[in-house]
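Visitor: coordinates only, no sequence provided:
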DNA sequence: ACAGGCATGTAAATAGTTACATGATTCG
DNA sequence: CGAATCATGTAACTATTTACATGCCTGT
């Protein structure tokens, strides 16, 4: 049985406790989003499919008059999740518009290349702050250290990236000012 | 005029000299692929669209009996490319199945989490080697330093990532051996 | 002769985003 | 009361991959 990558995000998110589609989305948005996003357009249809396949089970748990279905993982679902976790990862993708622009920066006058690096650096700094804001929440999950490990990895990555941009900026600056002095 | 992100990859790739669709694909494959990929299924239709929009111009340049069309950028195309380069980047995406698996690694017995990190580390090491193999080619492009800058950034990133995996592996190992001694 | 690279393209499928519609509840 | 949040869902669109089809040319 072939499952989409998003299916595993969902299985993972309901593996500890049952959750509604809305809760899954909210969870994804302040955790895996940074390396694996999911939208409502994927989550709700996928929950239906997983439910039909018997990997999750939906139970109506309305809050007052507002209807609500929470999904719990089934034994089959847990097996599917574990099987997947044991396969070596195959998807390693990055889509960095900034790097793409930097790659082609030779068609611009030299000063403007530094501008590209500056926006990249600023974006990475903002990411560091955003992720650091999430850290306290991740800390009080004492029985599962992995979300925090991944979050801290994300922080370090963004810091590394911001510093790389900075280094490249000064490198460019040094070059252009040198040429200017000739 | 709204262009797809792939359109700009193509514009950038033909901005220095005219190239065929096949050459563009080959170029992408050993340069921008690592942060911005493109397949034939995108390149050929996009070349047609760009040609209709007057941003590139196709000229037949057969090699013997084998027909071949090379596309050159037009003044309008160059303007479009520069306009785009001057906009701050908006797409920053990552899809890292390894991090996703690590995030959910709590459902596995502790030793197996280290396995995930090990495959991630190995993948990053391979990437470093692959990128280092490209470096000599990138070096002899003397008039445009940016492709080399981006390539080296990619190498550093993969090295950083591999080292992070290593650190996390030993951290896990220390934890599990400690628990074992209790 | 045959493998491998050059060269162009399309069809089908999968993935994913965006925007919208609907309606309840909670808090200030 | 009004805004924000909870909650579910779909339609339309955009993007992208994979696999295939076709055929020429070059080197062994």
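Guide: That came in fine, so what should we check first? Please read these numbers as outputs of a predicted model, since none were measured by experiment.

Visitor: need phi/psi at residue A:59.
Guide: phi -130, psi 130 (degrees, to the nearest 10).

Visitor: how near is it to residue B:107?
Guide: With distances defined as C-beta to C-beta, to the nearest Å, the gap from residue A:59 to residue B:107 amounts to 21 Å. Just so you know, the C-beta spots here come from the backbone N, C-alpha and C atoms, and that holds for glycine as well.

Visitor: tell me which of the two has more neighbours.
Guide: In this comparison of residue A:59 against residue B:107, neighbours counted by other C-beta atoms under 10 Å in any protein chain shown, the higher total goes to residue B:107 at 18 against 10.

Visitor: separation between the most centrally placed residue in chain A and residue A:61?
Guide: Here the mean C-alpha position of chain A is nearest to the C-alpha of residue A:34 (C-alpha atoms, centre = their mean), at a distance of 2.0 Å. Computed as C-beta to C-beta, the residue A:34 to residue A:61 distance reads 30 Å.

Visitor: same check on residue A:98?
Guide: 44 Å.

Visitor: show me what contacts the residue nearest to the centre of chain A?
Guide: A:127, A:131, A:154, B:94 (C-beta atoms under 8 Å, 6 or more residues apart in numbering or on different chains).

Visitor: dump the residue contacts of the last one.
Guide: Each residue near residue B:94 by C-beta under 8 Å, 6+ apart is listed here: A:34-35, A:93-95.

Visitor: can you pull out the low-pLDDT segments for chain A?
Guide: Counting by pLDDT under 70, chain A contains low-confidence ranges at A:1, A:178-182.

Visitor: now the end-to-end length of stretch A:70-77.
Guide: Length of stretch A:70-77, first residue to last, C-alpha to C-alpha, to the nearest Å: 15 Å.

Visitor: I misspoke; the intended subject was stretch A:31-51.
Guide: Using C-alpha to C-alpha, first and last residues of stretch A:31-51 are 24 Å apart.

Visitor: wait, does it make contact with DNA strand D?
Guide: Yes - shown here: stretch A:31-51 in contact with DNA strand D (C-beta under 7 Å from any atom of the strand) through A:40-41, A:44-45, A:47-48.

Visitor: TSV for the contacts of residue B:94, including secondary structure?
Guide: Output for the contacts of residue B:94, formatted as TSV (DSSP: H, G, I helix; E, B strand; the rest coil):
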residue	secondary structure
A:34	helix
A:35	coil
A:93	strand
A:94	strand
A:95	strand
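
Visitor: DNA strand C: which of these is nearest?
Guide: Distance to DNA strand C, by C-beta to the nearest atom of the strand, is smallest for residue A:93 among the contacts of residue B:94, at 8.5 Å.

Visitor: so what's the residue count around that closest one?
Guide: Here the count is done by other C-beta under 10 Å, and residue A:93 has 14 residues near it.

Visitor: in contact with it, which residues?
Guide: In this structure, residue A:93 makes contact with B:37, B:93-96, judged by C-beta under 8 Å, 6+ apart.

Visitor: span of stretch A:96-115 from start to end?
Guide: Counting by C-alpha to C-alpha, you get 16 Å between the two ends of stretch A:96-115.

Visitor: tell me where the longest helix sits in chain A.
Guide: Ranked by number of residues, the top helix in chain A under DSSP state H is helix A:146-180.

Visitor: angle of it against helix B:146-180?
Guide: Interaxial angle, helix A:146-180 versus helix B:146-180 (axes from the mean of the first three to the mean of the last three C-alpha atoms, to 10 degrees): 150 degrees.

Visitor: helix A:146-180: which residues count as buried?
Guide: Residues of helix A:146-180 classed as buried: A:146-162, A:164-166, A:168-169, A:172 (neighbour count, 16 or more other C-beta atoms under 10 Å in any protein chain shown).

Visitor: could you find the closest non-adjacent residue to residue A:61?
Guide: Taking C-beta to C-beta, 6 or more residues apart in numbering or on different chains, and ignoring the residues beside it in sequence, residue A:61 has residue A:70 as its nearest neighbour in space, at 5.0 Å.

Visitor: now the element after the helix or strand that contains that neighbour, going C-ward?
Guide: For residue A:70, the host element (DSSP states H and E) is strand A:69-73. Downstream of strand A:69-73, the next assigned helix or strand under DSSP H and E is helix A:75-86.
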